[in-house]
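Student: any chance you can model this:
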Amino acid sequence: MDYQEGKQRFIEVWGKMAGCWGIPPAMARVHALLLVSPEPLTAEDVQQELDISVGSANTNLRELVEWGLVKKNTLPGERRERYEAEKDMWIVVQRIIARRKEKELEPVLAELQKLKAVQGDCNGAKCFRKVVSDMCTFSRQADRFLHFLAHTEHIHALHVLSRVIS
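Tutor: The predicted structure is shown next:
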């Protein structure tokens, strides 16, 4: 397989895999292209390489910058912005974890806390509170674990994870 074919396959695989992480496939494809690009790319480069609209390229680049997965800068004497992906995979994973935790897990935790206050003495209400309380406990533990992963140096985190897995 040559470089171009390998690059295209990587872009497609990253796009599919990232969908499992809650990242839109189009955004993941842009990210994948930037990951394997040796030089920063302009929005026009991204648009042409992936055969997407200018609006899609700009929107996805802006979102990647917001997630902290891509840096935007300009070269001296140039007006066009160039985009470069963070290439340290540990940092990439940490930023994805932090974003997903903030946007998904934390709101669920807040809602579960409210649901624990459901009133009633019937069996249904007692069962409901028990299930919600158990979910809340598990979610808080998951939140602490994800916080640990998102804020720990990779050497320390890998050591801890290897002990947990083995």
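Student: let me see the domain layout of this structure.
Tutor: Domain assignment for the chain by automatic domain parsing gives 3-85, 89-165.
Student: deepest in the core, which of those domains is it.
Tutor: domain 3-85 (a mean of 16; mean count of other CB atoms under 10 Å). C-beta coordinates here come from the backbone N, C-alpha and C atoms, glycine included.
Student: which secondary structure elements does the longest helix along the chain contact?
Tutor: Ranked by residue count and defined by DSSP state H, the top helix of the chain is helix 123-150. Counting contacts by 3 or more CB pairs under 8 Å, 6 or more residues apart in numbering; DSSP states H and E, helix 123-150 packs against helix 89-100, helix 106-115, helix 154-165.
Student: quick check: the residue positioned nearest the centre of the chain vs A28, distance?
Tutor: Centre of the chain computed as the mean C-alpha position; nearest residue by CA atoms, centre = their mean is I96, 2.6 Å away. Plainly put, I96 is 10 Å away from A28 if you go by CB to CB, to the nearest Å.
Student: so what's the backbone phi/psi at V70?
Tutor: V70 has phi and psi values of phi -140, psi 140 when expressed as degrees, to the nearest 10.
Student: repeat that for the one 10 residues further on.
Tutor: Backbone torsions for R80, taken as degrees, to the nearest 10, come to phi -70, psi 130.
Student: so what sits against both of I96 and A28?
Tutor: Residues touching both I96 and A28 (CB atoms under 8 Å, 6 or more residues apart in numbering): none.
Student: using a markdown table, lay out the domains of the chain together with mean pLDDT.
Tutor: Shown next, in a markdown table, are those (pLDDT from 0 to 100):
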| stretch | mean pLDDT |
| --- | --- |
| domain 3-85 | 92 |
| domain 89-165 | 84 |
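Student: test my guess that G19 contacts R29.
Tutor: No: under the criterion of CB atoms under 8 Å, G19 makes no contact with R29, lying 10.4 Å away.
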